[in-house]
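Trainee: quick one, fold the following:
(chains A and B)
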Amino acid sequence: MTRRPGKGRRTIALKDRLTPVLISLVSVIIVFGAIVYFVGSAEQWPRIQSQFFSIEAMLEAAPSVGRGFLVSLQIWIISLVCIAIWALILAIFRAMGGPYFAPLRIFAILYVDLFRGLPALLLVLLFGFGIPALNLPGLPNNGLFWGGVALVLSYSAYATEVYRSGIEAVHEGQGMAAKALGLTQWQTLRYAILPQALRNVVPAMLNLVVALQKDVALLSVLGVRDAVREAQIYTARTFNYSSLVVAAILFLLATIPMARLTDYVARRDRQRRLQSAL
Amino acid sequence: MNRIEIDKLTKFYGERLVLDGIDLSVAHHEVVCLIGASGSGKSTLLRCINGLTEFDEGNVRLDGMDIYDESFGRTGLYKRIGIVFQAYNLFPHLTVLDNITLAPVRVHGRQRAEAEDAARKLLDLFGLGQYAKSYPEQLSGGQQQRVAVIRSLATDPEVLLLDEVTAALDPELIGEVLKIIRDLKTQGMTMVIVTHEMAFARDVADRVCFLDAGRIIEEAHPQRLFSSPENPRTQKFLERIIASGRLGASA
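Mentor: Numbers count the residues shown, from 1 in each chain, chains lettered A, B, ... in the order given. The predicted model follows:
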């Protein structure tokens, strides 16, 4: 526990400390209470409720949507691992200097330009429908696999840039010290630069992790039975949209903790930097 | 034969001439201090000696052999010439011990246990034995700089280059680093030192070179150079130093 200055704060009267808390509490209750009241008393509310928030329909749709969500999670995690590795390889290509590595460097630059410039949905359609239609021998033929490939290709471009910013943020003196000790370019990256760069990029990477979790839903256009697809199937059968709300709730349950974790890691990282700057 | 021979060394940064035909030789066990205003080319000259900075013309020889000669191999030169930087440049994610053993193990293929023994001996020798498992940020600036010196000694270099090694330190921490350098001189290490610590230069150097605009315009034994500089620009530089009170007693 760090000691903070300003012990005098303790002498502030209980009343003075509680007042701000009370004001925010009351104003929050008034504002949100008003919203709930006006929405709930609106003429159309019962229709909206039965269309989107029907408890009965939600319960009915929950098992299949939940099953679909597990599929979403699997795609998410497998893609994450592939993206983390592939993007790191690309970032290393990008970081290697000298004429011999020019082809790798140029490949990485072109790759990022290409896949960052294309909408993820377009890639999903292109790979998910296009490649299975070719019936290539020896390669899997299902939309799920190729849709996943499209996500990995697209997100790797962003992740490569995140890694690169982390590598460039490592002080140039580190590379110089490594060179002066006789380390090769690869050893310099491996032992001196990357361990520091990876620590630098954790907060930014977690942002991508959250974004990817949502974009897994893009695979539903291929007929992959993820949460969104299952919800759509229910909607098409019953003309009730509560199943989509179930899927929305599941996504929020997964992404909000991830977002809080990202905030926490970013804050801790900032403190670490401040401390080491002292 | 001199340990280091620098011959007509010329270096441009873009259009700007930073080293203008430098000639300098350093004998075995000699300590040469390079002094001069910021931007006079001292640090660039130092980094040319071990090939960290590439130069445009002239050549640098170590024991009569061009530093770009293939017989050095890829790592031979770095093994024989160590360098210590102003900002220490320790690796923050590695312990003190791992910082020191990184090059011996990864570059020179020594056994880890053997390299660690050697590193611990050096740490003990310089009074840092208890910090072997610490991380650099847990150490004071003076301790970090001493670790950086030890790291550069871990490959048994014949020459040590020191680039303003006390410039980033609080005044009360400078002494412990300068002491190490004096100890190394006593042990016969050949050193080229870029420094702003004039009192230290006067104390430790066998020869002091004053650089101005990429040239060595005066070089002499420190007693001579500091007491009766001949070149007007040297005189002016030293007057400014004395006016700022930095030619006082050695730390």
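Trainee: first to last residue in stretch A:234-246, what's the distance?
Mentor: The first and final residues of stretch A:234-246 sit 11 Å from each other (Cα to Cα, to the nearest Å).
Trainee: centre of the chain versus that stretch, how much separation?
Mentor: What separates the centre of stretch A:234-246 from the centre of its chain is 26 Å, taken as Cα atoms, centre = their mean, to the nearest Å.
Trainee: and that stretch, what's buried?
Mentor: Neighbour counts using 16 or more other Cβ atoms under 10 Å in any protein chain shown place A:234-235, A:240-246 of stretch A:234-246 among the buried residues. To be clear about C-beta, it is placed using only N, CA and C from the backbone, and glycine gets the same treatment.
Trainee: can you check stretch A:176-189 too?
Mentor: Buried, per 16+ other Cβ under 10 Å, within stretch A:176-189: A:176-183, A:185, A:187-189.
Trainee: farthest pair in those residues?
Mentor: The largest separation in the buried residues of stretch A:176-189, counting by Cβ to Cβ, is between A:Ala180 and A:Leu189 at 15.7 Å.
Trainee: count of residues packed around residue 50?
Mentor: I'll assume chain A. Look at A:Ser50: counted by other Cβ atoms under 10 Å in any protein chain shown, it has 15 neighbours.
Trainee: not quite, go with chain B.
Mentor: 24.
Trainee: could you find the closest non-adjacent residue to it?
Mentor: Nearest non-adjacent residue to B:Asn50, counting by Cβ to Cβ, 6 or more residues apart in numbering or on different chains: B:Ile81, 4.2 Å away.
Trainee: now for the residue positioned nearest the centre of chain B: which residues touch it?
Mentor: In chain B, the C-alpha nearest the mean C-alpha coordinate belongs to B:Leu162, at 1.4 Å (Cα atoms, centre = their mean). Contacts here follow Cβ atoms under 8 Å, 6 or more residues apart in numbering or on different chains; on that basis B:Leu162 touches B:83-84, B:149, B:181, B:191-195.
Trainee: for those, which one is nearest chain A?
Mentor: Distance to chain A, by Cβ to the nearest Cβ, is smallest for B:Ile83 among those, at 4.8 Å.
Trainee: ok, the closest one touching A:Ala180?
Mentor: Yes. Between B:Ile83 and A:Ala180 there is a contact under Cβ atoms under 8 Å: 4.8 Å.
Trainee: tell me, what's touching the two both at once?
Mentor: Common neighbours of B:Ile83 and A:Ala180 (criterion: Cβ under 8 Å, 6+ apart): B:50, B:52, B:152.
Trainee: burial measure for the residue lying closest to A:Arg164 once chain neighbours are set aside, as a count.
Mentor: Excluding its sequence neighbours, the residue lying closest to A:Arg164 (Cβ to Cβ, 6+ apart) is A:Ala91, at 5.2 Å. Using other Cβ under 10 Å, A:Ala91 has 25 other residues around it.
Trainee: reformat the buried residues of stretch A:176-189 as TSV; add distance to B:Gly175, secondary structure and pLDDT.
Mentor: Converted to TSV, these look like this (distance: Cβ to Cβ, whole Å; DSSP: H, G, I helix; E, B strand; the rest coil; pLDDT from 0 to 100):
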residue	distance to B:Gly175	secondary structure	pLDDT
A:Met176	27	helix	92
A:Ala177	24	helix	93
A:Ala178	29	helix	94
A:Lys179	30	helix	91
A:Ala180	25	helix	92
A:Leu181	27	coil	92
A:Gly182	31	coil	90
A:Leu183	32	coil	92
A:Gln185	38	helix	90
A:Gln187	35	helix	93
A:Thr188	33	helix	93
A:Leu189	37	helix	93
